[in-house]
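> next comes the sequence, and after it the predicted model I'd like to discuss.
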There are 2 protein chains.
Amino acid sequence: MDKRLEFIFRRRSIRKYRPEPVTRKDIRALLEAGMAAPSASNLQPWHFMVITDRSKLRQLSEVHPYGKMLAEAGLAIAVCGDPQVSERYWDQDGAAATENILLACEALDLGAVWLGCHPRPERKAAIRKVLGIPDSIEILSLLSIGHPGEKKPARTQYDGTRIHREEW
Amino acid sequence: MDKRLEFIFRRRSIRKYRPEPVTRKDIRALLEAGMAAPSASNLQPWHFMVITDRSKLRQLSEVHPYGKMLAEAGLAIAVCGDPQVSERYWDQDGAAATENILLACEALDLGAVWLGCHPRPERKAAIRKVLGIPDSIEILSLLSIGHPGEKKPARTQYDGTRIHREEW
């Protein structure tokens, strides 16, 4: 692993959290990171829902099949997209914004995990209901975030069989 | 902009390059960064095509409508996905890997730009032909990479109207 890229290799999926809240300053920084992502034609088709209310976090933990940890998380961010702004690319742009936020969490000593929503209609419908998201807005991902209560080693998952040089 | 996240804010789309080649060491580091991305159920449905051959780079510059700069780039990476491995998430996973590589470029003092391919069939067909990519493999993005020949300031694109707290 190239030492210059530790900020990438250190990002791991963190599902256990300590109880301290995530500060307003850190929440603002995470949102700045998300909106610094590239987007097709720089259309920035994204919206971000910020959830710190414990009862809402609990509700989310109950409606996402892999979201139990949300009940203990200090923060959730739902990364949404507006297909009317960018029909073809809202999902890729949202994924880039999601990855930015995950890397930002690591840099701020927070832990986070990406919970997939799109393209599963049942997950999106349930989250839409809890958060009051309009029907015209898509829900790409749900991020569970908090002060890490577990540690995992840095890693790449480099696999030479996935690399093709000059021609497939 | 939160100073702790400059590695994110400094990433900008760089389309002009100096002629020095990208080193083997840096290419390896970029691929390590791509494969360190999260993926749904950790299926890692990605493949990476590495192109440094000048004549291939020129061909790519001619077939992508926004890819002129590829003719002068030291390196292109095509981020591909295998829908047979992850039908629902290969594109989001590929977008996260793409964003990792872009941030890694910035950290290695390289410049890069994300050229969209999926879901445009005409772009994918043309690139598939140049690179010999099998029909079963999807082409998410093409990255044009080199030693930067232009400078752009760090920035977030923070926009408070895109943020929704607790409820939409």
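All right, it came through fine. Residues are numbered from 1 along each chain as shown, chains lettered A, B, ... in the order given.
> and what about residue A:47, helix, strand or coil?
strand (DSSP: H, G, I helix; E, B strand; the rest coil).
> and it, bridged to which residues?
Note on residue A:47: beta-bridge partners by DSSP bridges are residue A:80.
> list the contacts of the residue nearest to residue A:21 when sequence neighbours are not counted.
Leaving aside its chain neighbours, residue A:21 sits nearest to residue A:74 (5.0 Å; criterion: C-beta to C-beta, 6 or more residues apart in numbering or on different chains). For every residue, glycine as well, the C-beta is placed using N, CA and C. Remark: with contacts taken as C-beta atoms under 8 Å, 6 or more residues apart in numbering or on different chains, residue A:74 is in contact with A:17, A:19-22, A:52, A:145-147.
> please apply the same query to residue A:103.
A:7-8, A:11, A:33, B:7-8, B:100, B:103.
> how close does it sit to residue B:80?
Distance of residue A:103 to residue B:80, computed by C-beta to C-beta, to the nearest Å: 22 Å.
> want to throw the contacts of residue A:74 into JSON lines with neighbour count, secondary structure and pLDDT?
Converted to JSON lines, the contacts of residue A:74 look like this (neighbours: other C-beta atoms under 10 Å in any protein chain shown; DSSP: H, G, I helix; E, B strand; the rest coil; pLDDT from 0 to 100):
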{"residue": "A:17", "neighbour count": "24", "secondary structure": "strand", "pLDDT": "98"}
{"residue": "A:19", "neighbour count": "9", "secondary structure": "coil", "pLDDT": "95"}
{"residue": "A:20", "neighbour count": "9", "secondary structure": "coil", "pLDDT": "96"}
{"residue": "A:21", "neighbour count": "12", "secondary structure": "coil", "pLDDT": "97"}
{"residue": "A:22", "neighbour count": "20", "secondary structure": "coil", "pLDDT": "98"}
{"residue": "A:52", "neighbour count": "17", "secondary structure": "coil", "pLDDT": "98"}
{"residue": "A:145", "neighbour count": "28", "secondary structure": "strand", "pLDDT": "98"}
{"residue": "A:146", "neighbour count": "27", "secondary structure": "strand", "pLDDT": "98"}
{"residue": "A:147", "neighbour count": "20", "secondary structure": "strand", "pLDDT": "98"}
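> now, which of the residues you listed sits nearest residue B:110?
residue A:145 (29.8 Å; C-beta to C-beta).
> following element in sequence after the longest helix along chain A, please.
Taking DSSP state H as the criterion, chain A has its longest helix at helix A:90-107. Remark: after helix A:90-107, the chain's next helix or strand is strand A:111-116, criterion DSSP states H and E.
> between that next one and helix A:90-107, how big is the angle?
160 degrees (axes from the mean of the first three to the mean of the last three C-alpha atoms, to 10 degrees).
> does the helix or strand following strand A:111-116 come close to chain B?
Per DSSP H and E, the first helix or strand lying C-terminal to strand A:111-116 is helix A:121-131. Yes: using C-beta under 8 Å from any C-beta of the partner chain, helix A:121-131 comes into contact with chain B via residue A:131.
> all set now, cheers.
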